[in-house]
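Visitor: Build the 3D model from these lines:
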Amino acid sequence: MSRPPPPSRREVLVAGIGAALAPSVSAVAQAPAPGPRMLTRPIPSSGEALPVIGMGTWQTFDVGGAANERAPLAQVLQKFFASGARLIDSSPMYGRSEAVVGDLLKQSGQEKTPFLATKVWTRGKAEGAAQMAASLQKMGHGRMDLMQVHNLLDVDVHLPVLREMKAAKKLRYVGVTHYQRGAFDDLEKHIKTSKLDFVQLPYSLAMRDAEARLLPAAKEHGVAVLVMEPFDKGNLFRKMKGKPLPDWASEFDCSSWAQFFLKFILGHPAVNCPIPATSDPAHLEDNVKAGFGRLPDDKLRARMVKLFES
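Guide: Numbering: from 1, shown residues only. Alright, predicted model coming up:
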């Protein structure tokens, strides 16, 4: 599977971003005093509260060891945690991303701060076990919160192993992922029958197929939902380039297109956490603001869809 690199969105960020919200994420990062907290939603299988904005690492954390490559990522992580966000998602498929996350967490002394999620992405029981052991050491220094079967690859072999690891307290949660519409029937089957803690799937203003069956099934069967590709590979920013944010976005405390797209996703009650990927500290600050303030209700979400489709 290959995907295009994340596009720049500087040209589509609204001028004066954050002026409508207080305090800003930068202020939260600088001041430990009590203030607004990022919204959370419970993981259905445990009740654990999970902050509603996470972070992916596809391409963005696949860098070398040079200081100029890693310094922006260290800043991204610092701002991410300062906002109250916790979930970081990766995969062996993402090149060096797992190891880079692990290195930066160790250097910052924050190994225990995040909610760590990664995946198994290979065939065979022995191969999967070896890959997961490597991921635990690279990314989590021996710990992992969530392990997922990536793109359902050899899922019937790996899920029993994941359950054994959970029972042995080597990880806390089990899940599956897929990025293709053609796999939605299989995802639905596993949501309904595999006693999952999490499912990860694509969902955005541009790609709302999951609303039909997957999100209702997850809600019914108590499966937490992580959302990949919340910006539809950057297509949402390209579509809205040059267009002003509607005045009524202030009704749900929204001051940028990135927040608009993320708050649309969070407006669905089945969603726990979208996981946008970025290596840009300014974009990270923008993203996490979507986790604060009001969220759009059904009426506003319908208006958001209408605006997008127009």
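
Visitor: neighbours around Ala168, how many?
Guide: Taking other Cβ atoms under 10 Å as the criterion, the count of residues near Ala168 is 8. In this view, the C-beta of every residue, glycine as well, is placed from N, C-alpha and C.

Visitor: Quick check: the gap between it and Met132.
Guide: 12 Å (Cβ to Cβ, to the nearest Å).

Visitor: Excluding chain neighbours, give the residue nearest to Leu87 in space.
Guide: Leaving aside its chain neighbours, Leu87 sits nearest to Gly54 (3.4 Å; criterion: Cβ to Cβ, 6 or more residues apart in numbering).

Visitor: Likewise for Pro216?
Guide: Ala270 (7.0 Å).

Visitor: how close does that neighbour get to Tyr203?
Guide: Taking Cβ to Cβ, one finds Ala270 at 10 Å from Tyr203.

Visitor: what touches both of those two?
Guide: Here Ala270 and Tyr203 share the contacting residues Leu215, Val225, scored by Cβ atoms under 8 Å, 6 or more residues apart in numbering.

Visitor: quick one, what contacts the residue nearest to Leu87?
Guide: Ala85, Arg86, Leu87, Ile88, Asp89, Phe115, Ala117, Leu226, Cys273, Pro274, Ile275 are the contacts of Gly54 under Cβ under 8 Å, 6+ apart.

Visitor: Any of those residues buried? List them.
Guide: Ala85, Arg86, Leu87, Ile88, Asp89, Phe115, Ala117, Leu226, Cys273, Pro274, Ile275 (16 or more other Cβ atoms under 10 Å).

Visitor: Just list what whatever helix or strand the fourth one lives in packs against, helices and strands only.
Guide: Just to be clear, that refers to Ile88. Assigned by DSSP states H and E, Ile88 falls within strand 87-89. Other helices and strands packing on strand 87-89, by 3 or more Cβ pairs under 8 Å, 6 or more residues apart in numbering; DSSP states H and E, are strand 55-56, strand 115-120.

Visitor: ok so Val161 is a strand residue?
Guide: No - going by DSSP: H, G, I helix; E, B strand; the rest coil, the assignment for Val161 is helix, not a strand.

Visitor: Tell me the helix or strand right after the helix or strand bottoming out on mean pLDDT in the chain.
Guide: In the chain, no helix or strand scores lower on mean pLDDT, DSSP states H and E than helix 25-30, which sits at a mean of 33. Where DSSP H and E defines the elements, the next helix or strand beyond helix 25-30 is strand 40-42.

Visitor: residues making contact with that following strand?
Guide: By Cβ under 8 Å, 6+ apart, strand 40-42 touches Glu48, Ala49, Leu50, Pro51, Val52, Val271, Asn272, Cys273.

Visitor: Across the sheet, point out what pairs with the closest residue to the first one other than its chain neighbours.
Guide: Right, the one you point to is Glu48. Closest residue to Glu48 apart from its sequence neighbours, by Cβ to Cβ, 6+ apart: Pro42 at 6.6 Å. Counting by DSSP bridges, Pro42 is bridged to Ala49.

Visitor: contacting residues around Arg208?
Guide: Val305.

Visitor: Please report how far it lies from Phe264.
Guide: 9 Å.

Visitor: anything in contact with each of the two?
Guide: Val305.

Visitor: sorry, back to before: pull up the pairing partners for the strand holding Ile88, direction included.
Guide: By DSSP bridges, strand 87-89 pairs with strand 55-56 (parallel), strand 115-120 (parallel).

Visitor: Just send those strands back as JSON lines, with mean pLDDT and distance to Gln180 too.
Guide: Listed next are the strands paired with strand 87-89 as JSON lines, based on pLDDT from 0 to 100; distance: least, Cβ to Cβ, whole Å:
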{"stretch": "strand 55-56", "mean pLDDT": "98", "distance to Gln180": "17"}
{"stretch": "strand 115-120", "mean pLDDT": "98", "distance to Gln180": "15"}
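
Visitor: Show me where the stretch 101-250 of the chain has its helices.
Guide: 125-140, 155-167, 184-193, 214-221, 235-240 (DSSP state H, counting those that start in this stretch).
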